[in-house]
Each structure stands twice: as structure tokens, then as C-alpha cells.
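Asks: Provided below are the primary sequence and the corresponding predicted coordinates.
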Amino acid sequence: MSTSAVRTTRLGWRDGYEQDEALLSATHLPWTVESRAAASPGHSGDRVRVRSCGLGRARLVDCTVAPLTAHRGRREIARTRGEWIGVLIQLDGRSLLTHGDVAVESRAGSVTVWESTVPGRFTVTETERKRTLLFPRDVASGLCPSLDFRSVIQLPQDQPAVRLFRTVADDVANCAADLDEGARQAASRVLAELLAACLRPYRPAGRAALQAGLFANACAHIDRHIGDFGLRPATVAAELRVPLRTLQDVFAQRGETMGGYIKSLRLTRCHAELERGDDRTVTEIAFAFGFTSAGHFSRAFRERYGVTPREVRAAAAAGQAALPRP
């Protein structure tokens with residue numbers, strides 16, 4: 001197995017220069033590199049250097065990146081297993097980040113929070129060193145349920161909670177290789193709590209807060225029950241004890257339908273399992289994530305990804321990425 005394929009949840013740091021896109025995708029989330037600046041004289045051509053480490057369910061990644069541009073669009077988001085809240089701590093250098101319709105400049109000292117399901121792009125304008133913490137979205141939503149994470153937020157550097165978050169992240173990064181699994185999980189909990197403290201000033205007030213909290217709770221419920229055949233908008237509304245129309249309106253305000261969200265999450269989970277290549281059949285994987293018809297699953301899968309489930313399974317077995325048919 002190549003270094004870029006090593007799962008970052010394994011103990012210890014993983015070091016090494018490798019192909020830019022593969023290394024970014026293996027240690028962060030799936031990205032596609034669009035362009036690179038011309039290499040300086042004597043430069044080896046390597047653009048990315050990464051150290052990554054699992055912290056319980058979270059992930060800590062230190063990265064040095066030479067000037068390049070990369071993006072996460074529909075295809076990259078579909079390949080992402082789970083939903084994540086990313087926290088970028090800029091150590092040195094400079095980059096321009098765009099998530100959705102919000103753009104921010106990341107400079108030394110800045111702390112930027114972004115959400116994995118929103119299309120994004122980054123352009124490194126000066127060789128940068130950065131530290132990224134990735135938290136499962138349900139962890140962040142549980143600690144700060146009234147915050148709508150579908151945006152990018154640059155935290156004020158002079159806020160005490162932000163300074164403390166950076167200090168603790170630095171300490172954890174420096175000693176992570178020596179921590180046992182229990183200590184890593186504890187470090188993850190501390191960092192998640194500090195992140196929630198940093199984000200609380202951004203919680204919406206009044207009705208907006210209630211709607212954001214309701215959306216987060218609905219997404220968390222769907223995530224927990226995605227394999228239930230009976231999962232549908234009406235059952236989610238009944239479980240949360242709110243009118244179905246109210247819940248549908250909350251999703252509509254974010255440009256989604258509840259049924260579409262459930263279907264999209266099911267397809268994302270199935271795609272990830274097919275790429276993992278376990279012993280289950282395509283039909284067994286489809287049923288495990290709530291599909292009741294193999295034919296319906298195959299049609300929906302091809303409509304979204306441009307390839308069939310079996311083609312993804314075969315490509316994963318061959319160590320390749322399945323490309324959409326023309």
C-alpha cells in the first residue's frame with residue numbers, strides 16, 4: 001500500500017512528499033488540483049508535505065503547500081465519507097479560500113472554519129504552512145446545535161477562546177505521536193469543546209437559531225438512521241415532534257428537500273462502501289443503507305455519479321478511480 005493510501009486514523013504521524021492531489025485527498029478530504037505555479041530552480045516538483053494523525057473520531061493534519069489551486073465540487077463532495085467541519089489554522093504563508101459565495105484570505109495567525117458539504121476552492125499565493133483539524137459534523141453540531149455550519153467563518157485572532165484553541169492545538173500537534181489512544185480521544189474532546197466556545201458568538205438569534213438547531217437535529221437523526229428502510233420525512237418530523245411542513249421549510253430554506261437529502265446521503269454512504277471493497281455484494285450494500293430496490297439504487301447511483309455501482313467496485317479492486325462514462 002502506498003503512503004498516500006494509509007488511513008490517517010492509524011497511530012503515529014505519516015510523513016513524506018507524494019503526488020499533490022493524492023496526498024491532499026488521503027489526509028484531508030477529496031480535492032482536485034487545478035493548477036500549480038512554476039517550480040523554482042532546483043525544486044523537486046513536490047508541492048505538498050503532510051503529517052497527519054487521528055484523534056479519536058477527529059483528525060489533525062499539518063501541511064506545507066507550495067503555490068497551487070485546488071477545488072472541491074460535486075464530484076469531490078460525493079466521494080467524501082461523512083460530513084466534516086474543518087478548522088484551518090494558518091501558521092505561515094497566504095491563501096485565498098472560497099466556500100459557497102464567501103471568500104476569505106488566510107494569513108499567518110488566522111483561524112478559519114469551513115464545512116465539507118459546501119463547494120470550495122483554495123489558491124495558495126505564498127508557500128504556506130497550515131494546521132487543519134477535521135471534526136465529524138455531528139460532533140460540532142452537538143456542541144453548538146443552533147449554529148448553521150453551511151458557511152465559512154474566519155474567527156477573530158484576539159478572541160481569548162480562539163487564542164486558547166490555537167495554543168491547545170499546537171500542544172496536541174507537538175506531542176500527538178507520544179499519546180496513547182485514550183489521551184488522543186481526550187484531546188479531541190477538549191479541542192471540540194474549545195471550538196464550540198469559539199463559535200457560540202456566531203449563533204443566530206431568535207427564529208433563525210431555532211431553525212438552525214432544528215436542521216442540525218434533523219440531519220443528526222437522519223445520519224443515525226440512514227440504514228432504516230422506513231426513514232422518510234414524516235418519520236423524522238414525528239421523531240423530532242415538529243410539524244412535517246415546518247421541517248420541510250427548514251430544508252427548503254437551504255435549497256434542499258428532506259427526501260433529496262436522505263437519498264443523497266444514502267448514495268454517498270454506498271459509494272464510500274463500494275470504494276472500500278469489503279466482501280458484501282452491491283445489493284447488500286444498497287440494502288444496508290436503506291434502499292429497498294436494487295434496480296432503483298443502480299439507476300439513482302448512475303444518475304448521480306455517471307458510473308454504475310459495479311464499475312466503482314471493480315475500479316476500487318484495481319486500485320483506480322472510476323471515471324464517468326461519456
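Replies: Sure, I can see it.
Asks: my guess is Phe122 contacts Gly86, does it?
Replies: No: if you go by Cβ atoms under 8 Å, Phe122 and Gly86 don't touch, sitting 10.9 Å apart. (Each C-beta comes from the backbone N, C-alpha and C, glycine too.)
Asks: so where do the helices sit in the stretch 151-300 of the chain?
Replies: For the stretch 151-300 of the chain, helices defined by DSSP state H, counting those that start in this stretch occupy the ranges 160-175, 181-199, 206-224, 233-240, 244-252, 258-276, 282-288, 294-305.
Asks: in the sheet, which residues pair with Leu96? Tell me.
Replies: Glu105, Thr123 (DSSP bridges).
Asks: residue ranges in the stretch 151-300 of the chain under the pLDDT threshold?
Replies: 151, 203-209 (pLDDT under 70).
Asks: Ser25 and Glu275, how far apart?
Replies: 12 Å (Cβ to Cβ, to the nearest Å).
Asks: before we move on, back to that, of the helices of the stretch 151-300 of the chain, which approaches Ala315 most closely?
Replies: helix 258-276 (8.2 Å; Cβ to Cβ).
Asks: so for the closest one, what gets flagged as buried?
Replies: 258, 261-275 (16 or more other Cβ atoms under 10 Å).
Asks: angle of it against helix 294-305?
Replies: 90 degrees (axes from the mean of the first three to the mean of the last three Cα atoms, to 10 degrees).
Asks: please list the residues outside helix 258-276 that contact it.
Replies: Residues outside helix 258-276 that contact it (Cβ atoms under 8 Å, 6 or more residues apart in numbering) are 78-81, 218-219, 222-223, 226, 231-233, 236, 247-248, 251, 280, 282, 285-286, 288-291, 297, 300-301, 304-305, 309, 312-313, 316.
Asks: what sits against Thr64?
Replies: So Thr64 contacts Val48, Arg49, Val50, Thr127, Glu128, Arg129 (Cβ under 8 Å, 6+ apart).
Asks: ok so it is a strand residue?
Replies: Yes: counting by DSSP: H, G, I helix; E, B strand; the rest coil, Thr64 is part of a strand.
Asks: what's opposite Val113 in the beta bridge?
Replies: Assigned bridge partners for Val113, using DSSP bridges, are Val87, Ile153.
Asks: burial of it, as a residue count?
Replies: Burial measure for Val113: 23 neighbouring residues, criterion other Cβ atoms under 10 Å.
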